[in-house]
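Undergrad: Fold the following and give me the result.
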Amino acid sequence: MDTDDSRLQTLERPDVGGINQWVYQSLRRNILCGGFAPGERLTIRGLAEKLGVSPMPVREALHRLTCEGAVAVRNNRRVMIPEMTPPRLKALYDLRIVLESHAALKAMPYVHETELLELERLDRVVDESLSLPDDVQSWTLANQAFHRYLYQQHPVPVTVPLIESVWLQLGPFLRLVQHGLSENYRVDRHQEALEALRQHNGFALQRAIEADIRDGMASLESVQGLESFFG
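TA: Next up, the predicted model:
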């Protein structure tokens, strides 16, 4: 399956300089938000035309994304979004739970009133995105912003790049969740996490983060035709 470049969402283009980084961030954001499907072929020429740039920055961006596990290069030099299999999906979600519960716990001592206020604001953005009909992209960006901000409070957030690598690998699969997203988020796990942070309760914080990730898995389990991934 070749890429449908008409779906490509781009960030605001810089007036001068920074084109390589802009191309990379635009492609990265599309992958994070499910802009490409698992197994979808990416063409350098097609992406370059859509972005209005030469092939060189696209080639460089795809190389960086390959190093992050977001895209794969096959033996015939074909660039594509990796296929998703049930074992791979389970492994990625298991890894999310381990990495993110650890990152949250390590960040907790550095979360004070100012940080709590910002987390509350970010959670309101998540709630607003859930009210938008079938807007998975807005919800994904808002949800990731909440988690990223929390984890980055640790002065040496070494787990954040690892976590974002997992998000990148899961992103294409999220495009399959197009309906009823809010049905699987009836319990606000972010509020549970915030309460745990206020009480400096590391165990409760880790439980809230794990439950939030498992609720995301429930969204995928509810999609018709994906039963084999969760059997």
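
Undergrad: residues in contact with Val126?
TA: Going by C-beta atoms under 8 Å, 6 or more residues apart in numbering, Val126 touches Trp139, Ala142, Asn143, Phe146, His190. Using the backbone N, CA and C atoms, a C-beta is placed for each residue, glycine as well.

Undergrad: okay, the residues you listed in TSV with pLDDT and neighbour count next?
TA: Listed next are the contacts of Val126 as TSV, based on pLDDT from 0 to 100; neighbours: other C-beta atoms under 10 Å:
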residue	pLDDT	neighbour count
Trp139	86	25
Ala142	93	19
Asn143	93	21
Phe146	98	22
His190	96	23
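
Undergrad: Filter those residues down to just the ones in helices.
TA: Trp139, Ala142, Asn143, Phe146, His190 (DSSP state H).

Undergrad: Contact partners for the fourth one?
TA: Pointing back at Phe146 there. Phe146 makes contact with Leu119, Leu122, Asp123, Val125, Val126, His190, according to C-beta under 8 Å, 6+ apart.

Undergrad: do the same with the third one
TA: Counting by C-beta under 8 Å, 6+ apart, Asn143 touches Val126, Ser129.

Undergrad: Next, find the distance separating it from Met80.
TA: Going from Asn143 to Met80 by C-beta to C-beta, to the nearest Å gives 26 Å.

Undergrad: Next, Arg198: phi, psi?
TA: Per-residue torsions, Arg198: phi -60, psi -40 (degrees, to the nearest 10).

Undergrad: Skip the chain neighbours and tell me the closest residue to it.
TA: Leu116 (6.7 Å; C-beta to C-beta, 6 or more residues apart in numbering).

Undergrad: still on that earlier bit, looking at the contacts of Phe146, which are in helices?
TA: Under the assignment DSSP H, these contribute Leu119, Leu122, Asp123, Val125, Val126, His190 to helices.

Undergrad: Lowest-confidence member of these, which is it?
TA: Of all the ones in helices among the contacts of Phe146, Val126 carries the smallest pLDDT score, 92.

Undergrad: who touches the closest residue to that one other than its chain neighbours in this structure?
TA: Leaving aside its sequence neighbours, Val126 sits nearest to Ala142 (C-beta to C-beta, 6+ apart; 4.4 Å). Ala142 makes contact with Leu122, Val125, Val126, Glu128, Ser129 under the criterion C-beta under 8 Å, 6+ apart.
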